[in-house]
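S.K.: this one's structure only:
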C-alpha cells in the first residue's frame, strides 16, 4: 500500500490522467463533428485528413491517459513505467512537430490563402455554402475582403458583413 505523500501523488496522477481521458474524448468528438461538416474545402487533398488525424490523436490521448489512470489506481509499476515511456516519446514527437510547423508556417499560410482564393474564383455551390457559413460565423468577407469577389467578376454574397462592404462600395 501507498502511504503519506505517495498517496497524494497517486491521487493527483489519477485526477490529471482523468482530465486527459476527458480531453481525448473531446478531441474524438470534435474530429467527428469536423468530419461531418466538411470544412476542408480550402485544403489540398494531402490535408483533407485533418479531422481523421484529430480523431486518431484523441484516441491516443485517451488510451495513454487511461493507462496512467489504471497504473495509478492499481499501483502497477509496469503500467506506470509504460505510461512514462510513451509520454516521453509523445513529448519528443510534439517538439519535432512544433519545430517543423514553425519552419513551414509561411508556406502553409500561402497554400491555404491560394486555395481559398481558388474556391472563390471557381464559384462552386459546395464551396459557396462553406464560404457563406464561414462569413456569417466569423463576420468577414472573402480572404482579404470583398474585393476578392469583385476581382473575379462575382457578385458579393449577402453573407458578407455590412461593415466591410461600406468602404468598398
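M.R.: Thanks, I have it. The shown structure was predicted, so the numbers you read here are calculated from the model rather than taken from an experiment.

S.K.: so where's the longest helix in the chain?
M.R.: In the chain, taking DSSP state H as the definition, the longest helix is helix 5-37.

S.K.: Following the chain onward from that helix, which element is next?
M.R.: Following the chain from helix 5-37 toward its C-terminal end, the next helix or strand by DSSP states H and E is helix 50-74.

S.K.: Which secondary structure element of this protein has the lowest mean pLDDT?
M.R.: Here the helix or strand of the chain ranked lowest by mean pLDDT, DSSP states H and E is helix 162-166, holding a mean of 47.

S.K.: residue nearest the centroid of the protein?
M.R.: Using C-alpha atoms, centre = their mean, the residue of the chain that lies closest to the mean C-alpha position is residue 54, 6.3 Å off.

S.K.: which non-adjacent residue is nearest that one?
M.R.: In space, residue 54 comes closest to residue 31 once its chain neighbours are excluded; the distance is 3.5 Å by C-beta to C-beta, 6 or more residues apart in numbering. (C-beta placed from N, C-alpha, C; glycine too.)

S.K.: and what of residue 17?
M.R.: If you skip the residues right next to it in sequence, residue 17 has residue 68 as its closest partner in space, 3.7 Å away by C-beta to C-beta, 6+ apart.

S.K.: Near the one you found, how many other residues are there?
M.R.: 24 (other C-beta atoms under 10 Å).

S.K.: Would you confirm that it contacts residue 20?
M.R.: Yes: Residue 68 lies in contact with residue 20 (C-beta atoms under 8 Å); the separation is 7.5 Å.

S.K.: residues touching the residue nearest to the centre of the chain, list them.
M.R.: Residues in contact with residue 54 (C-beta atoms under 8 Å, 6 or more residues apart in numbering) are 27-28, 30-31, 34.
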